[in-house]
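**Student:** structure for this input, please:
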Amino acid sequence: MDEFENVAFQIISAVGTARSTYIQAIQKAKAGDFDRAEALIEEGSKIFLEGHHAHAVLLQQEANNTTKHPLPLLIIHAEDQLMSAEAFKILAQEFIDVYKRVETLEKKG
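**Tutor:** Numbering: from 1, shown residues only. Just a heads-up that it's a prediction; the model follows:
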């Protein structure tokens, strides 16, 4: 495996783990464990940054014309996973807010 493929797998691994962490955060929020949900968002964000930084290296190489690789399917998949994880983070944060609001309303009513 060359360096380019290795970076692609780093991106896929990191953002896949981050996405799973965001899904866990939604599940914790649904169960009313908002502290753990928010901790999972923070944990996922740190893991996501690993993938984001690896992606930035590839973008810098492309911008500097120092990459020797055409855009292979593997890197397209890595970028797709990166964007998917970012979308899950946004959704997870929204779900946490919604579940907090539901819990507050249920306590009042």
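**Student:** what ranges do the helices span in this structure?
**Tutor:** 3-30, 34-63, 73-108 (DSSP state H).
**Student:** just how off-centre is the shortest one within its chain?
**Tutor:** Read it as helix 3-30. Relative to its chain's centre, helix 3-30 lies at 5 Å (CA atoms, centre = their mean, to the nearest Å).
**Student:** so what does that helix touch, helix or strand wise?
**Tutor:** helix 34-63, helix 73-108 (3 or more CB pairs under 8 Å, 6 or more residues apart in numbering; DSSP states H and E). (Glycine included, C-beta is placed from N, CA and C.)
**Student:** tell me which of those helices lies nearest to G16.
**Tutor:** helix 73-108 (6.0 Å; CB to CB).
**Student:** against which helices or strands is the closest one packed?
**Tutor:** Against helix 73-108 (3+ CB pairs under 8 Å, 6+ apart) you get helix 3-30, helix 34-63.
**Student:** list the contacts for the residue positioned nearest the centre of the chain?
**Tutor:** For the chain, the residue nearest the mean C-alpha position is A85 (3.2 Å; CA atoms, centre = their mean). Going by CB atoms under 8 Å, 6 or more residues apart in numbering, A85 touches 15-16, 18-19, 22, 44, 48, 51.
**Student:** repeat for V15
**Tutor:** 47-48, 51-52, 78, 81-82, 84-86.
**Student:** would CSV of those with pLDDT be doable?
**Tutor:** CSV is the format used below for the contacts of V15 (pLDDT from 0 to 100):
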residue, pLDDT
I47, 95
F48, 93
G51, 90
H52, 89
A78, 86
Q81, 90
L82, 90
S84, 92
A85, 92
E86, 93
